[in-house]
Structure formats: C-alpha cells, structure tokens
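Student: give me coordinates for this.
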Amino acid sequence: MIKKLKRKFIFINMLLVFMVLSAAFIAIYAMTSHRLTQECMAMMEQTAMRLERGDIFDNKPIKEFSGTRPEGKKEPPQPLIATFGVTVDAEGTILSIWGNIVEISDEEAVAAIVQACLDSSWETGTVRGEALRFLKRTTPTGTVIAFADRSVEISTLLSLIRTSLLVGFCSLGAFFIISLFLARWAVGPIARSWDQQRQFVADASHELKTPLTVIMANTELVLSHPRETVESQAKWLGYIQTESSRMSGLVNDLLFLARADHSRRQVPMSPVVFSDLVWGSLLPFEPVVFEQKKALESSVEPGLKVWGNATQLRQLVAILLDNAVKYAGEHGQIRVCLQRAGEKVALTVQNTGEPIPADQISHIFQRFYRVDSSRTRREGGYGLGLSIAQTIVELHRGKISVRSDERQGTTFTISLPSIK
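Tutor: As a prediction, this is how the structure comes out:
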C-alpha cells in the first residue's frame with residue numbers, strides 16, 4: 001500500500017507540474033505569436049498606407065520578388081520585416097509593385113499570390129503554401145494588398161517551441177527526481193504510522209486473545225456445574241468480570257480516539273474548578289500508592305478554573321496519575337503540582353522512576369507507541385493513554401510536554417487557559 005501511495009503521489013505531482021509548465025509555455029507562445037503578428041500587421045499597415053497615398057517613389061521600386069533579401073545588400077540599421085505591396089485595378093490587373101528589402105524574380109508567382117488574396121473573403125490572413133501574411137484594402141480605383149514575410153515569425157516560433165520542449169523535458173526530469181525525495185518525505189509519517197498500527201493490531205490481538213480465552217474457559221467451568229450457586233462460582237465469575245473490564249477499557253480508548261478524530265468535533269464545555277477536579281482525582285490513587293509502598297506528594301492551588309469538559313479533564317488527570325504510579329519504580333515518589341502560571345493553569349505530574357530514553361521522548365504521544373513493550377504489557381497498557389491525554393489537551397486549546405532525566409525522573413506538564 002505504501003509503494004502504491006508513493007507512486008500515486010509522484011504521478012499527481014508530475015501531472016500538476018506538467019499542467020503548470022504546459023500552461024506557462026502555451027501562454028508564452030501565445031503572447032509571442034500575438035506580438036509578432038501585431039508587428040507584421042503594423043508593417044503591412046504602413047505599406048498599405050504608402051500605396052494608398054502614392055508616395056512609393058521615396059524608395060526605388062523593386063520589380064523582382066523571391067521572398068529573401070537580395071545578396072550583396074547591407075542589412076538595415078534596424079531589424080525590419082520584409083514587406084511589399086501591390087496595387088490592383090477593378091479587373092484584377094497589377095498596376096504597381098513596391099517592395100521593402102525584397103526582390104521579385106517570378107512575376108507569375110506574384111500574380112498567383114495576388115489572385116489568391118483577391119479570391120479570399122478575408123481582409124487579412126496568411127497565404128497558403130507561402131511564408132506570407134497579407135492585408136487587403138479596397139480603394140476607389142481598385143485594391144491595395146500589402147504582404148509581409150513570415151520567415152522571422154516562423155523561425156522565432158519554432159525556436160521558442162524547441163526551447164520550450166527542451167526546458168520542459170529537463171524540468172520534468174528534475175521535478176521527477178525531486179518528487180522521489182518528496183514522496184519518501186511525505187509518505188514517511190504514514191508508513192511509520194502504518195507500521196505502528198500493524199504492530200498494535202498484533203499486540204491488541206494478543207491482548208484480546210488472552211482475556212477471551214480466560215472468559216471462555218471460566219464460562220465453560222460455570223456452565224459445567226449448572227446446579228452450583230453463584231456464591232460457589234464467584235471465583236470464576238470474578239475472573240470473567242476482570243478480563244471483561246480489560247477488554248472494555250481497550251475498546252473505550254479506541255472509540256474515544258476515533259470520535260476525537262472525526263472532524264475534531266466540539267464537546268460540551270463549561271467552567272470547571274480544576275483545583276477541585278484534581279483533588280478528586282488524587283483521592284482514588286492514595287490507597288493504590290500506599291499498597292505499592294510508594295509516596296504521593298501534592299500541592300494544589302485552590303480556586304483555579306478552566307473552560308472545559310469535566311469528564312475529559314478528569315480522564316486526563318487519571319491517565320497522568322496512573323502512568324506516574326505505574327512507572328515510579330519500587331519505593332518511588334509521585335509529585336503533583338497545580339498552580340497558576342500567568343494566564344494559564346499549569347499541572348505537573350512527576351515520578352522518580354526510570355527515565356524515558358532521549359531518542360524516544362518525541363514518540364511517546366504517538367498512538368500505539370510503547371517505550372518498553374514487555375513492561376507496558378505487564379502493567380496492562382496498550383500505548384494509547386498518552387495519545388488520549390494529548391488529544392484531550394488539544395481539544396482544550398492547551399499544551400502538553402514531557403521532560404525526563406536521571407536526576408528528576410519523568411515530568412509531564414500541562415498548560416490550559418484559565419478563567420476567573
């Protein structure tokens with residue numbers, strides 16, 4: 001699937017680049033062609049006007065036409081488009097020819113070209129089979145036809161097409177190489193997430209298989225003694241309840257993340273006394289900490305309020321406390337501090353257990369990620385708790401961060417906007 005996604009990414013990227021380059025080259029070609037056409041039209045307008053006024057005697061009339069500049073003649077000081085004009089009477093007889101930088105070598109060819117223009121219903125256009133553009137005007141005595149050589153126009157456009165194709169192929173090749181690197185970079189997070197999810201499915205399948213096996217085995221034991229009382233079967237029923245609770249917890253975590261991902265839907269929020277909520281979340285953990293021979297210290301500033309969802313905030317605090325108790329280490333300490341920090345409310349949960357490796361800190365909020373799979377499985381975790389905690393914090397427009405070292409252990413810090 002990842003390879004197919006990379007190929008699709010490269011194909012779409014190359015298609016977009018091709019469309020952009022094509023649009024750019026077509027626009028350049030169109031503008032260049034329009035400019036050259038306008039230059040030709042301007043030169044033909046001048047030629048037609050001189051023929052209409054009859055001031056063609058300023059230059060020596062040239063009576064031979066070949067479509068090329070005469071040999072031995074010097075180029076004009078400024079680049080000009082070769083033009084010539086013809087005056088024709090009402091019967092179609094050529095009365096005069098005036099040329100600019102052209103030679104006439106075949107009068108029959110000129111007559112054929114003039115006749116083709118006279119037969120055309122268009123006042124301007126190109127002569128088929130000749131590199132000429134014409135402009136036709138009707139006068140009281142006949143018709144004036146001005147011609148312009150399109151050789152420069154055609155060569156310029158052909159050169160532009162060749163250059164565009166060369167630049168286009170080189171650009172597409174360069175963009176293809178760039179797209180290969182971009183595909184790896186863009187699809188990389190998806191590939192890692194896909195690998196993590198596949199690993200999670202394998203782990204979750206293993207985790208769900210064990211409680212299901214226990215539930216099925218204990219259910220068979222209960223069913224095999226239908227005359228026994230519930231009290232005598234309490235041991236087996238207790239096992240079923242415990243394993244069912246574990247499965248329910250996993251399913252609930254997955255449902256929470258799925259719902260949170262669905263357009264980041266808005267949850268009902270109201271003013272919450274965060275200080276009271278933290279105190280209420282600490283109480284259930286005190287006997288757990290005592291039984292595990294660990295120490296719990298707390299410092300909660302009273303009266304701090306936030307705008308949020310009480311159920312989610314309670315779940316957030318419970319996740320952090322549960323995580324701290326699990327990984328505080330033997331005879332470890334858990335410290336909880338809630339205080340105001342400017343316009344924010346800052347909650348820190350610290351444990352003195354084994355620190356998180358530096359290269360794994362940036363991954364601990366990823367779904368299904370577990371720093372130590374064997375230890376996490378032993379503690380009953382699925383690698384979803386911290387991801388849920390981050391999701392809740394983001395839904396409340398807050399920030400969550402972690403710091404871990406040998407000296408102070410691991411500290412999670414949550415910052416939420418406070419209200420009065």
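
Student: just for this protein, where's the confidence low?
Tutor: Within the chain, the ranges that satisfy pLDDT under 70 run 1, 55-80, 100-106, 196-197, 199-200, 203-204, 206-207, 261-266, 368-382.

Student: ok, longest helix in it?
Tutor: helix 151-223 (DSSP state H).

Student: beyond it, next helix or strand please.
Tutor: Later in the chain than helix 151-223, the nearest helix or strand by DSSP states H and E is helix 234-261.

Student: buried sites along that next one?
Tutor: Buried residues in helix 234-261, counted by 16 or more other CB atoms under 10 Å: 236, 239-240, 243, 246, 250, 253-254, 256, 260. Where C-beta positions appear, they are placed from N, C-alpha and C, glycine not excepted.

Student: cool, stretch 313-329 as well?
Tutor: For stretch 313-329, the neighbour count (16+ other CB under 10 Å) marks 313-328 as buried.

Student: which parts of the chain are helices?
Tutor: Under DSSP H, the chain gives helices at 2-53, 107-119, 151-223, 234-261, 274-282, 285-291, 310-326, 373-379, 385-395.

Student: turn the ones you listed into a markdown table, including distance to residue 84.
Tutor: Formatted as a markdown table, the helices of the chain follow (distance: least, CB to CB, whole Å):
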| stretch | distance to residue 84 |
| --- | --- |
| helix 2-53 | 7 |
| helix 107-119 | 9 |
| helix 151-223 | 14 |
| helix 234-261 | 76 |
| helix 274-282 | 92 |
| helix 285-291 | 102 |
| helix 310-326 | 87 |
| helix 373-379 | 89 |
| helix 385-395 | 78 |
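
Student: look up how far residue 92 lies from the residue sitting nearest the centre point of the chain.
Tutor: In the chain, the residue lying closest to the centroid (CA atoms, centre = their mean) is residue 186, at 8.7 Å. Going from residue 186 to residue 92 by CB to CB, to the nearest Å gives 70 Å.

Student: next: residue 273.
Tutor: According to CB to CB, residue 273 stands 103 Å off from residue 92.

Student: how is the protein divided into domains?
Tutor: For the chain, automatic domain parsing gives the domain ranges 2-54+61-66+81-155, 270-419.

Student: how about those domains, which one is nearest residue 215?
Tutor: Set against residue 215 and scored by CB to CB, the domains of the chain come closest in domain 270-419, at 16.2 Å.

Student: centre of the chain to that closest one, how far?
Tutor: Mean-position distance between domain 270-419 and its chain equals 34 Å (CA atoms, centre = their mean, to the nearest Å).

Student: the residue located most distally from the centre of the chain and residue 141, how far apart?
Tutor: No residue in the chain sits farther from the centre than residue 91, which is 69.3 Å out by CA atoms, centre = their mean. Look at residue 91 and residue 141: by CB to CB, they are 11 Å apart.

Student: residue 409 now?
Tutor: Applying CB to CB to residue 409 and residue 141 gives a distance of 107 Å.

Student: the more surrounded of these two?
Tutor: Set residue 409 next to residue 141 and count neighbours by other CB atoms under 10 Å: residue 409 wins out with 23 against 12.

Student: show me the residues around the nearest residue to the more buried one once chain neighbours are set aside that make contact.
Tutor: With CB to CB, 6 or more residues apart in numbering as the criterion, residue 409 has its nearest non-adjacent residue at 4.1 Å, and that residue is residue 352. Going by CB atoms under 8 Å, 6 or more residues apart in numbering, residue 352 touches 328-329, 332-334, 408-409.

Student: and which of these is nearest residue 159?
Tutor: residue 408 (71.5 Å).

Student: distance-wise, check the closest one relative to residue 289.
Tutor: The value you get for residue 408 to residue 289, if CB to CB is used, is 19 Å.

Student: the more surrounded of these two?
Tutor: Regarding residue 408 and residue 289, a neighbour count based on other CB under 10 Å identifies residue 289 as having more, with 19 against 13.

Student: not counting sequence-adjacent ones, nearest residue to that one?
Tutor: In space, residue 289 is closest to residue 296, 4.4 Å off (CB to CB, 6+ apart).

Student: quick check: the one you found touching residue 282?
Tutor: Yes. Contact criterion CB atoms under 8 Å: residue 296 and residue 282 qualify, at 7.4 Å.

Student: which residues are in contact with both of these two?
Tutor: Counting by CB under 8 Å, 6+ apart, the contacts common to residue 296 and residue 282 are residue 336.

Student: related to what we said a few turns ago, show me which of the buried residues of stretch 313-329 is closest to residue 394.
Tutor: Of all these, the one with the least separation from residue 394 (CB to CB) is residue 316, at 11.0 Å.
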